[in-house]
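Asks: give me a 3D structure for the following:
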Amino acid sequence: MTKDVLISVSGLQMGEEKPEQIEVISKGNFYQKNGYSYVFYDEVIEGFDQRVRNMIKFKNGALHVQKKGIVNVNMAFEEEKKYNTCYTTPYGDIMIGIDTDSVEISEEEDHISLDVAYRLEANYEHLADCRIKMDIRSKESGMPLME
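Replies: Next comes the predicted model:
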């Protein structure tokens, strides 16, 4: 994998209302250090000028996502484990719980895919069943994201 990558992050929340899907496609940087893989990229939040700096850290069935900027959070996804964290937004703080069912990581020379299934809680109440898919490709590969 090269340093310069393209990343697609798509998420699906299935709650009481109709399923809500989001997708972010961005340029990023890929690194490996101490057995972990890292991807850094910036995200624009609709309605705000400030960007959010994202760090994705993963290895062996564990994924950590850190966001810094207009929103701040440090989320951990590990199979069969539950983590609570504070999600800071421009509108206030929310205590969220992440109860992870599965973390699947597939790595090839110029392509990494991550697939995470989890239950999301807000203020200690079940909010939604969720899925995050991340598709990371070397910028030079020229291959389309999200086949």
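
Asks: just list the residues touching the most centrally placed residue in the chain, thanks.
Replies: Closest residue to the average C-alpha location of the chain: Val65 at 5.6 Å, with Cα atoms, centre = their mean. Applying Cβ atoms under 8 Å, 6 or more residues apart in numbering to Val65 gives the contacts Asn54, Met55, Ile56, Lys57, Val73, Asn74, Met75, Phe77. Where you see a C-beta, it was placed from the backbone N, CA and C, and this is true even at glycine.

Asks: surely the fourth one touches Asn34?
Replies: To tie it back to what came earlier, the one meant is Lys57. No. Between Lys57 and Asn34 there is no contact, the gap being 10.3 Å when judged by Cβ atoms under 8 Å.

Asks: please, where are all the strands along this structure?
Replies: Using DSSP state E, the strands of the chain run over 4-14, 20-33, 36-44, 51-59, 62-68, 73-78, 82-89, 92-107, 111-122, 125-138.

Asks: make CSV out of those and add mean pLDDT.
Replies: CSV is the format used below for the strands of the chain (pLDDT from 0 to 100):
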stretch, mean pLDDT
strand 4-14, 88
strand 20-33, 90
strand 36-44, 94
strand 51-59, 95
strand 62-68, 97
strand 73-78, 97
strand 82-89, 96
strand 92-107, 96
strand 111-122, 95
strand 125-138, 93
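
Asks: follow-up on the earlier one: any idea what the residue nearest to the centre of the chain is bridged to?
Replies: Beta-bridge pairing for Val65 (DSSP bridges): Ile56, Met75.

Asks: give the bridge partners for Gly97, please.
Replies: Asn84, Glu121.

Asks: enumerate every residue touching it.
Replies: Residues counted as contacts of Gly97 (Cβ under 8 Å, 6+ apart) are Lys82, Tyr83, Asn84, Arg119, Leu120, Glu121, Ala122, Tyr124.

Asks: and stretch 131-143, what's buried?
Replies: Residues of stretch 131-143 classed as buried: Arg131, Ile132, Lys133, Met134, Asp135, Ile136, Arg137, Ser138 (neighbour count, 16 or more other Cβ atoms under 10 Å).

Asks: which residue, other than its chain neighbours, is closest to the fourth one?
Replies: To tie it back to what came earlier, the one meant is Met134. Leu114 (4.2 Å; Cβ to Cβ, 6 or more residues apart in numbering).
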